[in-house]
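Enquirer: Below: sequence and its predicted model.
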Amino acid sequence: MVLPHNLCAHLQNAFRARHQKVVVDHSTQNLGILSILLRSGFISNLVRGTITAPEPEQFETAGDAQRRIWANLKYRDDRPVLNHMELISKPSKRVFMDVSELRLICSGRRAQTVKPLGMGEIAVVRTKDREHEWLEAREALQLRLPGEVICRAR
């Protein structure tokens with residue numbers, strides 16, 4: 001399993017290098033985190049494709065090793081929309097939060113070792129619910145689903 005820090009570093013480096021698109025391995029984890037970034041407005045588009053091109057038709061026929069997710073990065077006034085993305089839950093120290101702790105970080109107070117979310121900042125939560133496995137912290141709070149806080153982006 002690919003760890004989420006790989007995606008965080010890959011996205012930050014692509015934004016710093018002013019790339020228009022970034023290509024990441026296809027996995028449910030990467031797709032879940034990127035779809036949250038898309039809904040939150042940090043990236044502009046997601047397309048499934050292969051190593052060579054973002055074409056959904058080729059994605060269906062390609063093998064697992066060839067499948068990729070293509071994300072169009074978003075810039076405003078020639079500055080990247082995603083300034084910083086960091087891991088909260090690490091392999092050596094997992095950070096699980098119940099609904100009351102999620103409420104604390106969403107409302108501007110510290111919970112465990114996690115700083116509160118600022119304006120325009122999101123946290124990605126992985127829940128045990130199969131229907132809502134990857135959620136933003138505020139969505140998890142609305143649905144009253146506890147989970148592991150994976151990363152944050154601003």
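Expert: Looks like it arrived, so ask away.

Enquirer: Could you use CA atoms for every contact and neighbour count after this?
Expert: OK.

Enquirer: so where's the chain uncertain?
Expert: The chain contains residues with pLDDT under 70 at 1.

Enquirer: Can you show me the strands along it?
Expert: Secondary structure of the chain (DSSP state E): strands at 21-25, 43-50, 67-73, 75-76, 79-80, 85-87, 96-97, 122-127, 134-136, 147-153.

Enquirer: Please name the strands paired to the fourth one in the sheet, noting orientation.
Expert: When pairing is defined by DSSP bridges, strand 75-76 lines up against strand 79-80 (antiparallel).

Enquirer: For the strand it pairs with, what is the distance to the chain centroid?
Expert: 18 Å (Cα atoms, centre = their mean, to the nearest Å).

Enquirer: got it, and stretch 59-70?
Expert: 20 Å.

Enquirer: Give me the contacts around that stretch.
Expert: 21-26, 31, 46-51, 54 (Cα atoms under 8 Å, 6 or more residues apart in numbering).

Enquirer: For A123, see how far away T52 is.
Expert: T52 is 31 Å from A123, where distance means Cα to Cα, to the nearest Å.

Enquirer: More neighbours: these two, which one.
Expert: A123 (26 against 11; other Cα atoms under 10 Å).

Enquirer: K74: what's it in contact with?
Expert: Here K74 is in contact with 20, 42-44, 80-82 (Cα under 8 Å, 6+ apart).

Enquirer: Distance check, F96 against T113.
Expert: 11 Å.

Enquirer: next one: E136
Expert: 18 Å.

Enquirer: do A65 as well
Expert: For A65, the distance to T113 - Cα to Cα - is 37 Å.
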